[in-house]
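S.K.: coordinates for the following, if possible.
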Amino acid sequence: MASAVVNRGGCRIMKSVSAVLGTRFYAKVATGTDIVSAAPNVSLQKARTWDEGLASKFSTTPLKDIFEDKKVVIFGLPGAYTGVCSNKHVPPYKENIDKFKAKGIDSVICVAINDPYTMNAWAEKLQAKEAIEFYGDFDGSFHKSLKLVTDLSNVLLGSRSERWSAYVVDGIIKALNVEEDPSVVTVSAAQTILEQI
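M.R.: Have a look, this model is predicted:
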């Protein structure tokens, strides 16, 4: 079954990262947390074009609809179009989609504090939309509720998602991985979560 790896960082490392990247907060979620209850009344915005948003009257997707009665792998990252996110974080999830499906995963989800239109354009550029579901957390309410935010103002990004991944079964977090340094992909990598399922 799944093992839990929660990586929240050591003080010495945190000081060096904070000096370069900004302030970091600690996740309020952990293995065993009900992700829907931890972020009550929060919805995400499925990646889409502006016209699709208009046609849907700018609908959002409640977390219950994303997680209830499903096995989900979700990963969060600082933002669309950023280098590490585009080149090192998303591609391995896309490349391993068949392995996730073989393990019974219903959906692999990428979420960031971005609007759904930016997420859509980025997903299309990465040619990953067929494999991965992309969601925007336009106001950061999802990440703030889970305390999975970091302040990257020093690199002109402002309040952003931590770099993280989770394996969630029927809303319950079975494994959670949060990077010590959001500029690298180690514990939040596709291969790590594959081994935890």
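
S.K.: ok, so what distance separates the residue positioned nearest the centre of the chain from residue 69?
M.R.: By Cα atoms, centre = their mean, the mean C-alpha position of the chain lies nearest to residue 76, the distance being 1.7 Å. Applying Cβ to Cβ, to the nearest Å, the value for residue 76 to residue 69 is 22 Å. From N, CA and C alone the C-beta is placed, and that goes for glycine too.

S.K.: for residue 194, which three-state class applies?
M.R.: helix (DSSP: H, G, I helix; E, B strand; the rest coil).

S.K.: can you report how many residues neighbour the residue nearest to it when sequence neighbours are not counted?
M.R.: Distance criterion Cβ to Cβ, 6 or more residues apart in numbering; nearest residue to residue 194, sequence neighbours excluded, is residue 99 at 5.8 Å. Look at residue 99: counted by other Cβ atoms under 10 Å, it has 13 neighbours.

S.K.: ok, residue 135 touching residue 48?
M.R.: No: between residue 135 and residue 48 there is no contact under Cβ atoms under 8 Å: 10.1 Å.

S.K.: need the overlap of contacts for the two.
M.R.: Taking Cβ atoms under 8 Å, 6 or more residues apart in numbering as the criterion, residue 135 and residue 48 both touch residue 116.

S.K.: picking up where we left off before, return the distance of the helix or strand encompassing the residue nearest to residue 194 from the chain's centre.
M.R.: If you go by DSSP states H and E, residue 99 is part of helix 97-102. Put simply, helix 97-102 sits 18 Å off its chain's centre (Cα atoms, centre = their mean, to the nearest Å).

S.K.: check which element follows it along the chain.
M.R.: strand 107-112.

S.K.: what sits up against that next one?
M.R.: Applying Cβ under 8 Å, 6+ apart, the external contacts of strand 107-112 come out as 44, 66, 70, 72-80, 85, 90, 93, 97, 100, 119, 123, 128, 131-137, 142-143, 160-161.

S.K.: I'd like the mean pLDDT over it, please.
M.R.: For strand 107-112, mean pLDDT is 97.

S.K.: neighbouring strands - and their directions - for that strand?
M.R.: strand 71-76 (parallel), strand 133-136 (parallel) (DSSP bridges).

S.K.: check which element follows the shortest one along the chain.
M.R.: Reading on from strand 133-136 to the C-terminus, the next helix or strand found by DSSP H and E is helix 141-146.
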